[in-house]
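**Q** make a model of this:
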Amino acid sequence: MDIIEEQKGHITILSLSGRLDSLTSADLDKSLSEVINRGEHAILVNCEKLRYISSSGLRSFLMALKQLQAAQGKICLCGLNAQIQEVFDISGFNTLFIIYRTAGEALSQM
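**A** From the prediction side, this is the model:
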């Protein structure tokens, strides 16, 4: 999995590509922790190029959500394909996260 970080105003965008599973979730954990520890409190995770997510990937998102909520921050997601959206729907994570269709929509709303 590749992670590209960019800044748009006060929002940190992490764009993911590839597979988010037990082998790669530690990379996402590290990236999210670094961003949060820098004091960034608005994170957008762009999943347009993410092909797969496992329970380990869901755990990474949940841990970041808890950290950000404690710091009065927020994490939003965008660009989920149908398969990943279904995983979020089945697991109930769609009720925990704000999910936008596109990065542009997310940036205009955050």
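**Q** need the pLDDT of Ser17.
**A** Looking at Ser17, its pLDDT is 97.
**Q** I'd like the numbering to begin with 23 instead of 1 from here.
**A** Let's use 23 as the start, then, which means that last one is Ser39.
**Q** so it: helix, strand or coil?
**A** State at Ser39, reduced to three classes by DSSP: H, G, I helix; E, B strand; the rest coil: strand.
**Q** ok, Glu62 next?
**A** Here Glu62 is recorded as coil under three-state DSSP.
**Q** doesn't Gly31 make contact with it?
**A** No - look at Glu62 against Gly31 with Cβ atoms under 8 Å: they stay out of range, at 11.4 Å. Using the backbone N, CA and C atoms, a C-beta is placed for each residue, glycine as well.
**Q** more neighbours: the two, which one.
**A** Glu62 (18 against 8; other Cβ atoms under 10 Å).
**Q** what ranges does the chain have for its strands?
**A** Remark: strands assigned in the chain by DSSP state E are 24-30, 33-42, 64-75, 96-100, 120-122.
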